[in-house]
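> With the sequence up front, the predicted model follows.
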Amino acid sequence: MSRLKALQSYITVRLLLAPLMLWTIVTIVFILMRVAPGDPSDAILGNRAPEAAKQALREQLGLNKPLIGQYFDYLGSILRFDLGSSLTSKGVTVWEIINQHFAATVELSLFGILVALLLGVGIGVVSASRPNTPIDAFGRLFSIITYSLPIFWVGMLFQLIFAVQLRWFPLGTRFPLGDETPQDLTGLYSIDSLLTRHWGQFFTSIYYLALPSLTLGLLLSGIFERMVRVNLKQTLQADYIEAAKARGISEGRILWFHAFKNALIPVITVLGLTFASLLGGAVLTEVTFSWPGLGNRLYQAIAIRDYPTVQGLMAFFAAIVVFASIAIDIINAYIDPRIRY
């Protein structure tokens with residue numbers, strides 16, 4: 001079987017398995033929401049509301065149906081691409097919530113990944129090129145510390161130091177309240193302000209984005225540092241690298257034009273899946289910084305037992321991760337001709 005046919009067969013199998021993976025995820029979310037303690041009617045009406053009012057609300061929302069009936073209603077709506085409507089925001093559909101908040105999550109994820117790549121790849125390359133030195137030891141220590149630190153603790157610490165005490169960065173919003181936001185082209189304030197050439201809005205959006213994205217990127221950078229350092233070290237010990245050295249090629253050229261590309265194959269996989277998971281809700285970062293993204297909105301929905309919102313958002317996130325993983329496999333297959341499926 002040729003490489004192209006093998007790749008086509010692999011992609012076909014993955015696409016056929018995608019609905020099964022999505023069904024598994026949405027089913028688990030449905031079950032977890034039902035077994036969790038609490039009643040949505042209490043969250044909406046309050047504990048002191050009359051029981052008759054609570055029962056009427058349950059009937060209105062379909063929560064009085066048998067569990068299996070609720071489950072099939074939910075699956076039917078998913079198949080129709082109907083993610084439902086929020087229980088607490090009357091008349092607001094889950095798609096409208098996604099449209100309103102997803103751009104903020106995408107922007108935070110993009111800048112967080114950018115910071116993580118700059119730090120992680122940079123430190124990883126320097127560390128791998130100087131094995132068994134203090135610089136290499138620093139790279140190891142950096143990856144361990146950044147990977148192990150809890151993001152909510154680092155976020156609160158950074159806010160206390162850089163926002164409260166030093167007053168270098170703002171808190172709790174995406175753009176100054178009362179200021180005109182950039183023209184809505186993509187929903188990403190930094191990109192929209194660049195496209196419309198409003199430089200003041202661009203620098204303002206970056207200013208408000210800086211602290212949460214730096215926090216997120218710093219704690220993700222350890223993953224990329226470790227991946228780059230380990231794979232680049234292995235690549236630099238390969239036979240073709242020794243052959244390049246024997247031909248008199250400079251170390252810098254060998255590092256960047258021969259070894260670095262091959263060492264990036266696993267990094268691309270991790271990069272794609274990490275970005276997909278961030279789009280699936282950098283919940284702790286968004287909650288810690290009160291960032292108005294989809295992860296923060298998901299946290300609020302979980303807290304008040306808003307079943308349709310939680311289930312709809314999780315289905316949306318699951319679809320992103322599943323199809324991103326398929327796209328990453330395809331990209332890797334074209335980048336690395338050694339891959340066979």
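Everything's here; your move. Numbering: from 1, shown residues only.

> Quick check: can you list the domain ranges of this structure?
Structural domains assigned to the chain are 11-79, 94-335, following automatic domain parsing.

> among those domains, which is the most enclosed?
For the domains of the chain, the largest average neighbour count (mean count of other Cβ atoms under 10 Å) is found in domain 94-335, namely a mean of 18. To be clear about C-beta, it is placed using only N, CA and C from the backbone, and glycine gets the same treatment.

> Please report phi then psi for Asp184.
When quoted as degrees, to the nearest 10, the phi and psi of Asp184 stand at phi -80, psi 100.

> Without its sequence neighbours, what residue ends up closest to it?
What sits nearest to Asp184 in space, not counting adjacent residues and going by Cβ to Cβ, 6 or more residues apart in numbering, is Asp192, at 6.6 Å.

> what does Ile144 give?
Gly222 (7.1 Å).

> just to revisit the earlier point, rank the domains of the chain by pLDDT, which is bottom?
Averaging pLDDT over each of the domains of the chain singles out domain 11-79 as the lowest, with a mean of 78.

> quick one: Pro131 from Leu236, how far?
As for Pro131, its distance to Leu236 is 8 Å (criterion: Cβ to Cβ, to the nearest Å).

> cool, and Gly312?
Gly312 sits 48 Å away from Leu236 when distances are taken as Cβ to Cβ.

> So which residue is dead centre in the chain?
Leu278 (0.6 Å; Cα atoms, centre = their mean).

> Thought Ser109 was touching that residue, still the case?
Yes. Under the criterion of Cβ atoms under 8 Å, Leu278 lies in contact with Ser109, with a separation of 3.9 Å.

> Now the common contact residues for the two.
Contact criterion Cβ atoms under 8 Å, 6 or more residues apart in numbering; residues bridging Leu278 and Ser109 by contacting each: Leu216.

> Show me what the helix or strand hosting the residue nearest to the centre of the chain is packed against.
For Leu278, the element it lies in under DSSP states H and E is helix 265-279. Counting by 3 or more Cβ pairs under 8 Å, 6 or more residues apart in numbering; DSSP states H and E, the packing neighbours recorded for helix 265-279 are helix 94-129, helix 199-236, helix 307-335.

> Which among the ones you listed is found nearest to Lys65?
With respect to Lys65, and counting by Cβ to Cβ, the nearest of those is helix 307-335 at 12.3 Å.

> Could you tell me the angle between the closest one and helix 94-129?
Following axes from the mean of the first three to the mean of the last three Cα atoms, to 10 degrees, one obtains 40 degrees for the angle between helix 307-335 and helix 94-129.

> Which other helices and strands does helix 307-335 contact?
Using 3+ Cβ pairs under 8 Å, 6+ apart, the elements in contact with helix 307-335 are helix 3-35, helix 94-129, helix 265-279, helix 294-303.

> hmm, 6 Å instead?
Packing partners of helix 307-335 (3 or more Cβ pairs under 6 Å, 6 or more residues apart in numbering; DSSP states H and E): helix 3-35, helix 265-279, helix 294-303.

> Please render these as JSON lines that adds distance to Pro150 to the earlier fields.
Conversion of the helices and strands packed on helix 307-335 to JSON lines gives the following (distance: least, Cβ to Cβ, whole Å):
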{"stretch": "helix 3-35", "distance to Pro150": "23"}
{"stretch": "helix 265-279", "distance to Pro150": "17"}
{"stretch": "helix 294-303", "distance to Pro150": "16"}
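
> Quick one: closest of these to Asp136.
Ranking the helices and strands packed on helix 307-335 by their distance to Asp136 (criterion: Cβ to Cβ) puts helix 265-279 first, at 18.3 Å.

> Touching whichever helix or strand comes after the closest one from outside, list them.
As assigned by DSSP H and E, the chain's next helix or strand after helix 265-279 is helix 283-288. Counting by Cβ atoms under 6 Å, 6 or more residues apart in numbering, the neighbours of helix 283-288 from elsewhere in the structure are 151-152, 155, 212, 216, 293, 295-296, 299.

> Nothing else from me, thank you.
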